[in-house]
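**Student:** Generate a structure from the sequence data that follows.
(one chain, ligands or ions: 1)
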Amino acid sequence: MSMTKSETLSAETIVDFLAEIFERRGGEEYLGEPVTMAEHMLQGAHFAEQAGEPEIIIVATLLHDIGHFTSEFGTFSMDDVEDRHHEEAGAQVLEPFFPTLVTDCVRYHVAAKRYLCAARPEYLGKLSEASIHSLNLQGGPMNDGEVLAFELNQNCPAIIRVRTYDDAGKEAGLTTQPFSYYAPMVQRIVDAHCSGMAGQGRSA
Ligand code: FE
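**Tutor:** Have a look, this model is predicted:
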């Protein structure tokens, strides 16, 4: 019986593991955008930090597209890693180590685009061409019922803010801090979450 990679990860190793994914796979292209996957996520984190966001939002933005690399976690087949539901896959691999605020921002970043297209008509005009193309594959703007349901999530405002940094992180040539700059922040979020869980029957 072999253990999957995600079963061997811990609060002590997850940040190095994420750093290694950024390092080794970050250069992959972000389909249709003028930035690589790592540049995209690091730029998003940069814009979140510049806006004065708390660390938890910066970290959520930094990791929002980690679902493109879930094959690294050993829990998904190669067929799952392409753009099909990368947001759900990303939330699932982060769930053992990060609070719901982070995983909701990851899980619903595509929904947030569909929400904003419906609720803020000017938003659609600001989307990149590739993002409009994927919007159509993702179900187009939300209908009224979906909008109401989305607004019921208490993390809705945070999810929307992460989405705006996601949209901003597509600037060719913008230099950002490396992953290592954010690593201590990521670790603080993991530690706060996992130490809180320790008292609730989960081994530390
Ligand atoms: Fe993104």
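
**Student:** Rounded mean pLDDT for the lengthiest helix in the chain, please.
**Tutor:** Ranked by residue count and defined by DSSP state H, the top helix of the chain is helix 179-198. For helix 179-198, mean pLDDT rounds to 94.

**Student:** What residues of it count as buried?
**Tutor:** 179, 182, 183, 185, 186, 187, 189, 190, 193, 194, 197 (16 or more other C-beta atoms under 10 Å). Yep, even glycine has a C-beta here, placed from its N, CA and C like the rest.

**Student:** Check stretch 25-39 too.
**Tutor:** 26, 30, 33, 35, 37, 38, 39.

**Student:** Read off the pLDDT value for the residue nearest to residue 26 when sequence neighbours are not counted.
**Tutor:** Residue nearest to residue 26 in three dimensions, not counting chain neighbours: residue 38, with 2.6 Å by C-beta to C-beta, 6 or more residues apart in numbering. As predicted, residue 38 sits at a pLDDT of 96.

**Student:** and the gap between residue 38 and residue 175?
**Tutor:** Applying C-beta to C-beta, to the nearest Å, the value for residue 38 to residue 175 is 12 Å.

**Student:** can you pull the pLDDT of residue 165?
**Tutor:** What the model reports for residue 165 is a pLDDT of 98.

**Student:** can you pull the contacts of residue 108?
**Tutor:** 87, 150, 153, 155, 159 (C-beta atoms under 8 Å, 6 or more residues apart in numbering).

**Student:** Give me the buried entries from these.
**Tutor:** 87, 150, 155, 159.

**Student:** Distance to the ion and pLDDT for those residues - can I get that in CSV?
**Tutor:** Shown next, in CSV, are those (distance: C-beta to the ion, whole Å; pLDDT from 0 to 100):
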residue, distance to the ion, pLDDT
87, 9, 92
150, 18, 97
155, 17, 98
159, 13, 98
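
**Student:** Residue 118 and residue 139 touch, don't they?
**Tutor:** No - here residue 118 does not reach residue 139: they are 10.8 Å apart, not a contact under C-beta atoms under 8 Å.

**Student:** what are the ranges of the strands in this protein?
**Tutor:** With DSSP state E, there are no strands along the chain.

**Student:** Phi first, then psi, for the spatially most central residue of it.
**Tutor:** Closest residue to the average C-alpha location of the chain: residue 64 at 0.8 Å, with C-alpha atoms, centre = their mean. Per-residue torsions, residue 64: phi -60, psi -30 (degrees, to the nearest 10).
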